[in-house]
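Chemist: The sequence and its predicted three-dimensional model are supplied below.
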Amino acid sequence: MELDAITLSRLQFALTVMFHYIFPPLSIGLGWIMVIMEGAYLKTGDKEYEAIARFWTSIFAVVFAMGVASGIVMEFQFGTNWATYSRFVGDVFGSALAAEGIFAFFLESGFLAILVFGWDRVGPKMHFFSTVMVALGALFSSIWIVVANSWQQTPAGFHLVDTGSGVRAEITDFWAVVFNPSSVHRLVHVWIGCGILGAFFVLSISSYYLLKQRHVTMAKKMFQVALSVGLVMSLIAPISGHFQARNVAATQPAKLAAFEGHFHTSEGGAPLYLWGWPSEKERKVYFGLAIPGLLSFLVHESFVKPVPGLDQFPEEDWPPVWLSFQTYHVMLALGVYFIGITGLSAFLWWRGKLFDTRWLLWVLVFSVPAPFIANEFGWAAAELGRQPWIVYNLLRTADAASPAVSAQQVLGSIIVFGIIYAVLFALWLYILDKKIKRGPEVFLAKDSTEAQSSSLLDVASALTRHEGASLTATNGNGNDNNN
Amino acid sequence: MGLNELWFALLGVLLTGYAILDGFDLGVGILHLVAREDKERRVMLNSIGPLWDGNEVWLVTFGGALFAAFPECYATTFSAFYTPFIILLFALIFRAVSLEFRSKIDSPTWRSLWDVAFWLSSAVATLLFGVAVGNAMLGLPIGADKEFQGTLLDLLRPYSLLVGLLTVSLFAMHGANYLLLKTDGALRDRIYMWAWHSFGVFLVLYVLTTIFTLVKIPHATANLNKYPVGWLIVVLNVLAITNIPRALFMHKPFYAFISSACTIAALNFLFGAALFPNLLVSSLNPEWNLTIYNAASSPKTLGIMAIIAALGMPFVLAYTSVVYWTFRGKVEIGKFGY
């Protein structure tokens, strides 16, 4: 692989988008869990739910900030590194981006201010409204991004126009762009992925508290909300995945063939690999365990109908098979794991044994990277499987970069991005760790401190906390929801 | 007014909104080290805490709208400014995380490190915005294929650096006026001094930039000569600038803040008037200029986006007002000696 400007720009895009995508799905998933927690507080008046909501809001704030900081990079990068692509898609893609800015970002950022800083400046109902708006904003934002990306996978509602300096896609039907053949399937799957991620994140932290016997009643409340969300989402993920796979089979058959390492069009039914090691050169899958006919069944609902293999496509139109196969299969395997672990937890919960099953709680503590990987790899599979096209069947990735940008420039930026992101990620984990170790109890202590405070310092800190989340924590008394 | 002109105007509104709103919080960043002890610095940070993120969204939306309305201009500009824009991104990232991380850990070294990062990233981001505007005023070596043909050195010209410094002084002054509304006591006294300092620097650089522009960039005033009513904006600009020292002297910071906001708006207007109908002037051949016609999206897209903007803008203004109203008044951090 030669390190030219294209390869480097691809690497940089992969690096920056995968770093970015740590955060948005977490804020989408956490956002809805926060809505449930705060809704429970409004309904029951239970102060513990309020403390839980405040605790998660303070975590949400640092997740969101990282998402914003790494997200601006994505918007700039289309222009800096992929100028030819931007000229080609601008007319179609632009409407989605503009809609995202106007409908989603302003909504999110405006109400985020009240969500994080406004606990004592607005009433509980207005605050709850802000939480709902932030969660909605995050959803809106995902809609437009997935629509734009899906248009790249399955372009619709456009025609090609020669502008004199090059050919570009121009919109003919806005709604056909929005509801292009893959957008709804993919959006649903992305949302489910976000829900699983948010649920496992909360499960991990509340399991940790349960194991350490800290904040036990609150931890149980969080655990139950998260487990319900996690179980439902894990169960519907394969259903949505199935519809999506059928959609891929219909619209991007080469991608599906690469996912499955399906090199040769089968006479009868095509097998589904549980795992394997595909070799593009030798056109076969090593060490694979295949279930005969299952791929045919999933695509055609018949065990004997053939599925087109990669041999139906010229080799220059093949996606990178090994990477597509592995990222796709890791996502699938993790999906099975999510069902197993949430199913088992729910079963033990029903039998009343869950909170005594320490090994399972430990497994849940350390399961948190799994949904991150599943989300990242699912996207990686979707994007790799589209290659060598940047816009499917219309524009090749190799022709899409910026002519004015040299390989050295991209090499320079990729190195600095790498360093900065590594440092930021470490700092983010460190701060998250501090917040988690401190726990939700500090947000609960408010009333009792006010009632029993004897020293001036206690009064001061209680008042500070009361006066506003706009104060910054220094000594662990809980005002850390902000800068 | 056709759709192309409408979108040129709307981009101008977005850029002006961004410059006024993020202008004051970038300015707070530039003045950050004026605050000495930890408590004062937290007052500075908290004065913009709930607002900076929403302000930055104006930039994101400007970028998205530029991409959507004038994709050719977006592609050419962003790839031409590759290195400065990547540095700008690093600055914006560091700014966001220094705000977010600084006070999370109670260690003087940790905090001073992030204080410097916050100051530096705010100053660098502001400088680069100004440099970009200066370059757009001068024009760039754009070829017939709409691609940038120059190198990094073509972007670092005296005029663009001058506009960069002008922007730094302007935002610092604007930030100082904002902080006068938000702070109290000894910190406020020092900010008051710095409002004067930054105004002095701004005035000198403003005069220099004006002379340089009139002498070196003939196309900058062509539109004003064609439509003399535009000179009214120049007059308003000068009035707004002279009102700043008056308001400072009379200790009416709100008027000073409004005046610096008007100054920013007027300068943005003059920037747009200097460009129109070009978006990017080619220094190689005027026929290769990127204009609001040859760099635009199709009329259909511009029309769809106009509908999106018309639907969305009232909401944006509504919740921006709600947020600013909710967080009105002085920062209350000092009240409890914490």
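Modeler: Here it is on my side, so go on.

Chemist: Centre of the chain to stretch A:339-357, how far?
Modeler: Per CA atoms, centre = their mean, to the nearest Å, the displacement of stretch A:339-357 from the mean C-alpha position of its chain is 26 Å.

Chemist: what does stretch B:34-50 give?
Modeler: 21 Å.

Chemist: can you check stretch A:30-46 too?
Modeler: With CA atoms, centre = their mean, you get 22 Å for stretch A:30-46.

Chemist: again with stretch A:8-24
Modeler: Mean-position distance between stretch A:8-24 and its chain equals 12 Å (CA atoms, centre = their mean).

Chemist: Check stretch A:354-366 too.
Modeler: 25 Å.

Chemist: List of residues touching it?
Modeler: A:F200, A:L203, A:S204, A:S207, A:Y208, A:L210, A:L211, A:K220, A:I341, A:L344, A:S345, A:L348 (CB atoms under 8 Å, 6 or more residues apart in numbering or on different chains). Just so you know, the C-beta spots here come from the backbone N, C-alpha and C atoms, and that holds for glycine as well.

Chemist: Tell me the one among those nearest to A:A254.
Modeler: A:F200 (32.7 Å; CB to CB).

Chemist: in stretch B:252-263, what's buried?
Modeler: By neighbour count with 16 or more other CB atoms under 10 Å in any protein chain shown, stretch B:252-263 contains the buried residues B:P253, B:Y255, B:A256, B:F257, B:I258, B:S259, B:S260, B:A261, B:C262, B:T263.

Chemist: got the contact list for B:A220?
Modeler: B:M137, B:T213, B:L214, B:A274.

Chemist: Let me have the contacts of stretch A:354-366 in a markdown table, adding distance to chain B as columns.
Modeler: Below are these laid out as a markdown table (distance: CB to the nearest CB, whole Å):
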| residue | distance to chain B |
| --- | --- |
| A:F200 | 24 |
| A:L203 | 24 |
| A:S204 | 21 |
| A:S207 | 24 |
| A:Y208 | 20 |
| A:L210 | 26 |
| A:L211 | 25 |
| A:K220 | 28 |
| A:I341 | 32 |
| A:L344 | 36 |
| A:S345 | 32 |
| A:L348 | 36 |
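
Chemist: Walking through chain A, point out its strands one by one.
Modeler: For chain A, the strands defined by DSSP state E occupy A:158-162, A:167-171, A:272-279, A:284-291, A:389-391, A:395-396.

Chemist: And these: which comes nearest B:W110?
Modeler: Of all the strands of chain A, strand A:389-391 sits nearest to B:W110, with 42.3 Å by CB to CB.

Chemist: that older thread, just put the strands of chain A in a markdown table and tack on mean pLDDT.
Modeler: Formatted as a markdown table, the entries for the strands of chain A read as follows, by pLDDT from 0 to 100:
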| stretch | mean pLDDT |
| --- | --- |
| strand A:158-162 | 85 |
| strand A:167-171 | 87 |
| strand A:272-279 | 81 |
| strand A:284-291 | 79 |
| strand A:389-391 | 90 |
| strand A:395-396 | 88 |
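
Chemist: okay, these in a markdown table with distance to B:A240 next?
Modeler: Formatted as a markdown table, the strands of chain A follow (distance: least, CB to CB, whole Å):
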| stretch | distance to B:A240 |
| --- | --- |
| strand A:158-162 | 44 |
| strand A:167-171 | 41 |
| strand A:272-279 | 67 |
| strand A:284-291 | 71 |
| strand A:389-391 | 47 |
| strand A:395-396 | 48 |
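
Chemist: Need those strands in JSON lines (columns: distance to A:S413 and mean neighbour count).
Modeler: Converted to JSON lines, the strands of chain A look like this (distance: least, CB to CB, whole Å; neighbours: other CB atoms under 10 Å in any protein chain shown):
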{"stretch": "strand A:158-162", "distance to A:S413": "31", "mean neighbour count": "13"}
{"stretch": "strand A:167-171", "distance to A:S413": "26", "mean neighbour count": "20"}
{"stretch": "strand A:272-279", "distance to A:S413": "33", "mean neighbour count": "18"}
{"stretch": "strand A:284-291", "distance to A:S413": "37", "mean neighbour count": "14"}
{"stretch": "strand A:389-391", "distance to A:S413": "20", "mean neighbour count": "22"}
{"stretch": "strand A:395-396", "distance to A:S413": "23", "mean neighbour count": "17"}
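
Chemist: Which residue is the nearest non-sequential neighbour of A:G195?
Modeler: A:M233 (3.8 Å; CB to CB, 6 or more residues apart in numbering or on different chains).

Chemist: got the contact list for that neighbour?
Modeler: A:M233 touches A:I192, A:G195, A:I196, A:A199, A:F338, counting by CB under 8 Å, 6+ apart.

Chemist: which residue ranges form the strands in the stretch 1-150 of chain B?
Modeler: Taking DSSP state E, counting those that start in this stretch as the criterion, the stretch 1-150 of chain B contains no strands.

Chemist: before we move on, the earlier item: between the strands of chain A, which one is closest to chain B.
Modeler: With CB to the nearest CB as the measure, strand A:167-171 is the member of the strands of chain A nearest chain B (4.5 Å).

Chemist: Give the pairing partners of the closest one; include direction for each.
Modeler: Counting by DSSP bridges, the strands paired with strand A:167-171 are strand A:158-162 (antiparallel).

Chemist: Now do the strand it pairs with: distance to the chain's middle.
Modeler: In terms of CA atoms, centre = their mean, the centre of strand A:158-162 is found 33 Å from the chain centre.

Chemist: Could you list the residues in contact with it?
Modeler: Outside strand A:158-162, the residues touching it (CB under 8 Å, 6+ apart) are A:D91, A:V92, A:V167, A:R168, A:A169, A:E170, A:I171, A:T172, A:V177, A:L394, B:S298.

Chemist: near chain A at all, stretch B:313-333?
Modeler: Yes. Using CB under 8 Å from any CB of the partner chain, stretch B:313-333 reaches chain A at B:M313, B:F315, B:V316, B:Y319, B:T320, B:V322, B:V323, B:T326, B:F327, B:V331, B:E332, B:I333.

Chemist: thought B:A240 was touching B:T263?
Modeler: Yes. In this structure, B:A240 is within contact of B:T263 by CB atoms under 8 Å, at 4.6 Å.
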